[in-house]
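Chemist: Quick one: sequence plus predicted model below, questions after.
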Amino acid sequence: MKFIQFLKSKTFLIQIGLAIVSLLLFVFLLQWWLGFTTNHDQKIQVPDLNKMGLLEVDRKLEELNLAYEVIDSASYNPDYPGKSVIEQNPEAGDFVKEKRKIYLTLNPTRYKDVAIPDLNGKTKRQAITHLVSIGFLVGEKFTYVPDLGKDVVRGLKFKGKQVGLGDKLPKKSVIELILGDGRGN
């Protein structure tokens, strides 16, 4: 019975009222403080950094009070200059706040090197398929040497020099085949 009388008392109702007013005031102040410290209404549009070098990117982002971080190098793309931006996150046109990091993927300066496989004794068709599948181009000029096997690979050339197993060449290099003529000993 005393508990119910306490709930109806003036002291209890005043305490409840003060608690509600304090909570509302706290929420209002917290919301104002968060909006102020997090730059809630600030918007900086991310520029298009596509095909820009790092010096140009640095200058452009410094003007906007943004930062950048290089996260990776992609596969070489000949349509982009070496060491230029190939991808960015956030994308161009997105809105961010000041001091936000823009993550960049750069274009390497050239294709990566690929090891020459052992193709000696393979047919011309097998060799071409294998070379193309690992990223090389095959020249249209074939050199024939005296050999018993017709169109059997007896060597590989790159820019006129013979290359062999384990040598490394950049992807998309043009490799010429040295083949047997089928009339040799």
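Modeler: Sure thing, it's come through.
Chemist: can we go C-alpha only for contacts and neighbour counts from here?
Modeler: OK.
Chemist: What does the pLDDT read for the residue in the chain sticking out farthest from the centre?
Modeler: For the chain, the residue at maximal distance from the C-alpha centroid (CA atoms, centre = their mean) is residue 1, at 72.1 Å. Residue 1 carries a pLDDT score of 70 in this model.
Chemist: can I assume residue 144 sits in a strand?
Modeler: Yes: membership of residue 144 in a strand is supported by DSSP: H, G, I helix; E, B strand; the rest coil.
Chemist: Now it: closest residue in space, sequence neighbours ignored.
Modeler: Spatial nearest neighbour of residue 144, excluding adjacent residues (CA to CA, 6 or more residues apart in numbering): residue 179 at 4.9 Å.
Chemist: Which secondary structure elements does the helix or strand harbouring that neighbour sit against?
Modeler: Element membership for residue 179 (DSSP states H and E) is strand 174-181. Packing contacts for strand 174-181, counted by 3 or more CA pairs under 8 Å, 6 or more residues apart in numbering; DSSP states H and E, involve strand 137-138, strand 143-145, strand 150-158.
Chemist: for this protein, what spans make up the strands?
Modeler: Taking DSSP state E, the strands of the chain run over residues 44-45, 67-73, 85-89, 95-96, 101-106, 113-115, 137-138, 143-145, 150-158, 161-163, 168-170, 174-181.
Chemist: Redo these as JSON lines? Include distance to residue 38 and mean pLDDT.
Modeler: What follows is those, written out as JSON lines (distance: least, CA to CA, whole Å; pLDDT from 0 to 100):
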{"stretch": "strand 44-45", "distance to residue 38": "14", "mean pLDDT": "88"}
{"stretch": "strand 67-73", "distance to residue 38": "17", "mean pLDDT": "85"}
{"stretch": "strand 85-89", "distance to residue 38": "21", "mean pLDDT": "90"}
{"stretch": "strand 95-96", "distance to residue 38": "12", "mean pLDDT": "88"}
{"stretch": "strand 101-106", "distance to residue 38": "16", "mean pLDDT": "91"}
{"stretch": "strand 113-115", "distance to residue 38": "47", "mean pLDDT": "89"}
{"stretch": "strand 137-138", "distance to residue 38": "54", "mean pLDDT": "94"}
{"stretch": "strand 143-145", "distance to residue 38": "70", "mean pLDDT": "92"}
{"stretch": "strand 150-158", "distance to residue 38": "59", "mean pLDDT": "92"}
{"stretch": "strand 161-163", "distance to residue 38": "61", "mean pLDDT": "92"}
{"stretch": "strand 168-170", "distance to residue 38": "48", "mean pLDDT": "91"}
{"stretch": "strand 174-181", "distance to residue 38": "56", "mean pLDDT": "93"}
